[in-house]
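S.K.: Everything below, folded, please.
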Amino acid sequence: MRVLVTGGAGFIGRWVVKQLLDDGHEVSVLDNLSNGDLRNVQSFEVHPGFKGLVVGDVRDAGVLDHVFDQDLDLCLHLAAKINVQESLDDPSLTFENDTVGTFQVLEHCRQNRTKMVFVSSCMVYDRSTQSGGIRETDNVKPASPYAGAKLAAESLVASYYHAYGLPTVIVRPFNTYGPFQKSSGEGGVVAIFLQEKLTQQPLQIYGDGTQTRDFLYVEDCARFITQTGYKASQVAGEVIHAGSGWDISINDLAHVIGAGTSQIEHVPHIHLQSEIQKLICNPTKAKTTLNWEPTVTLEEGIARTEVWLRRELEVTLSEDAD
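M.R.: Alright, predicted model coming up:
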């Protein structure tokens, strides 16, 4: 297939591109590099299936005209503003990127009859209160403009399926982590804790640390997104999410990563109003509809991420020394 990955130079997008190339498809990337990085896709430049990176914005209809002028079979739409605090400080920017940008991508998919997978977020959910984890039919509760923008975009995606018969699917991965994730600012907590451990800094936990998360290794996430794309016609109109099916508190995660070698500090929460106390995924639907399930345990995923991050820190120290 000919596939476009928006946000393909970002953390998850980079792994989605790799999975598509490994599976033998032709892949183009659109990314404005506001959160992505050229280095994330540099290793793909020699791959015969990699058709290049277009640096541009999903809100720009002219840029989309250009990238869709390739008879695309599938669009995997990951481009988004993902910083919760940024969405609280400047909700209009998040809305323009995540909702209006998605509308522009949808319009081009409609005009070209290109199947689309929209990558949303588990942050749209209310806290998990029942055994078995959160199901796709459970209550949503947008506690931040980021979550609200994602839900608004989801409604647009669903409407294009119902109104135009466009094969669209909404996916909601739970907390994804792994190599190439940023370890600064609002990067993933696993990456942040590992960075703090490797630089011998205290592991800082927002709030009391009792909040829980369901962590999904990034290669499992990329496989989930691509498998959804491959079956987009069969699962069109559906909402599907992916996670491990069990959660861990941030306190316990800090102890697993620190292994007793790092000091742990609790600091005031930067956006307590948007905190979701308990997140755990019920991945049954992904297993039954996509034949997908995660294969990498949290311990193995943390170990792989630490190896990668240690190597990155060594390269940075070497460059600073030069």
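
S.K.: can you map out the strands along this structure?
M.R.: Listed in chain order, the strands of the chain (DSSP state E) span 2-6, 26-31, 50-55, 74-77, 115-119, 168-173, 175-177, 203-206, 212-213, 215-217, 239-242, 248-249, 264-267.

S.K.: elements contacting the fourth one?
M.R.: Where contact means 3 or more C-beta pairs under 8 Å, 6 or more residues apart in numbering; DSSP states H and E, strand 74-77 is packed against strand 2-6, helix 101-112, strand 115-119, helix 218-230. Glycine gets a C-beta too; all of them are placed from N, C-alpha and C.

S.K.: Name the strands paired with that strand and say parallel or antiparallel.
M.R.: Sheet pairing of strand 74-77 (DSSP bridges) gives strand 2-6 (parallel), strand 115-119 (parallel).

S.K.: Rebuild these as a markdown table, extending it with mean neighbour count and mean pLDDT.
M.R.: Formatted as a markdown table, the strands paired with strand 74-77 follow (neighbours: other C-beta atoms under 10 Å; pLDDT from 0 to 100):
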| stretch | mean neighbour count | mean pLDDT |
| --- | --- | --- |
| strand 2-6 | 26 | 98 |
| strand 115-119 | 26 | 98 |
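
S.K.: Those into a markdown table, with extra columns for distance to residue 275?
M.R.: Output for the strands paired with strand 74-77, formatted as a markdown table (distance: least, C-beta to C-beta, whole Å):
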| stretch | distance to residue 275 |
| --- | --- |
| strand 2-6 | 29 |
| strand 115-119 | 22 |
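
S.K.: tally of neighbours for residue 191?
M.R.: 22 (other C-beta atoms under 10 Å).

S.K.: any idea how far the closest residue to it other than its chain neighbours is from residue 33?
M.R.: Distances taken as C-beta to C-beta, 6 or more residues apart in numbering place residue 183 nearest to residue 191, at 3.9 Å, with adjacent residues excluded. From residue 183 across to residue 33, the span is 18 Å (C-beta to C-beta, to the nearest Å).

S.K.: what's the residue lying closest to residue 170 once chain neighbours are set aside in contact with, if anything?
M.R.: Leaving aside its chain neighbours, residue 170 sits nearest to residue 239 (4.6 Å; criterion: C-beta to C-beta, 6+ apart). For residue 239, the contacting residues are 136, 154, 169-172, by C-beta atoms under 8 Å, 6 or more residues apart in numbering.

S.K.: Could you export these to CSV, including columns for neighbour count?
M.R.: Converted to CSV, those look like this (neighbours: other C-beta atoms under 10 Å):
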residue, neighbour count
136, 17
154, 21
169, 28
170, 25
171, 26
172, 23
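
S.K.: Give me the distance from stretch 137-153 to the chain's centre.
M.R.: Relative to its parent chain, stretch 137-153 has a centroid offset of 15 Å by C-alpha atoms, centre = their mean, to the nearest Å.

S.K.: avg pLDDT for that stretch?
M.R.: Stretch 137-153 carries an average pLDDT of 94.

S.K.: Can you list the buried residues in it?
M.R.: The neighbour-count check on stretch 137-153 (16 or more other C-beta atoms under 10 Å) flags 140, 142-153 as buried.

S.K.: So which residues of the stretch 51-200 of the chain form helices?
M.R.: Taking DSSP state H, counting those that start in this stretch as the criterion, the stretch 51-200 of the chain carries its helices at 61-67, 84-89, 91-95, 101-112, 145-164, 189-198.

S.K.: can you tell me which of those the model trusts least?
M.R.: helix 84-89 (a mean of 90).

S.K.: Identify the residues contacting it?
M.R.: Outside helix 84-89, the residues touching it (C-beta under 8 Å, 6+ apart) are 81, 93-94, 123, 144-146, 149, 186, 270-271, 274.

S.K.: Pick the one among these closest to residue 206.
M.R.: residue 270 (6.4 Å; C-beta to C-beta).

S.K.: The closest one: neighbour count?
M.R.: 13.

S.K.: Just give the closest residue to it, not the sequence neighbours.
M.R.: residue 85 (5.8 Å).
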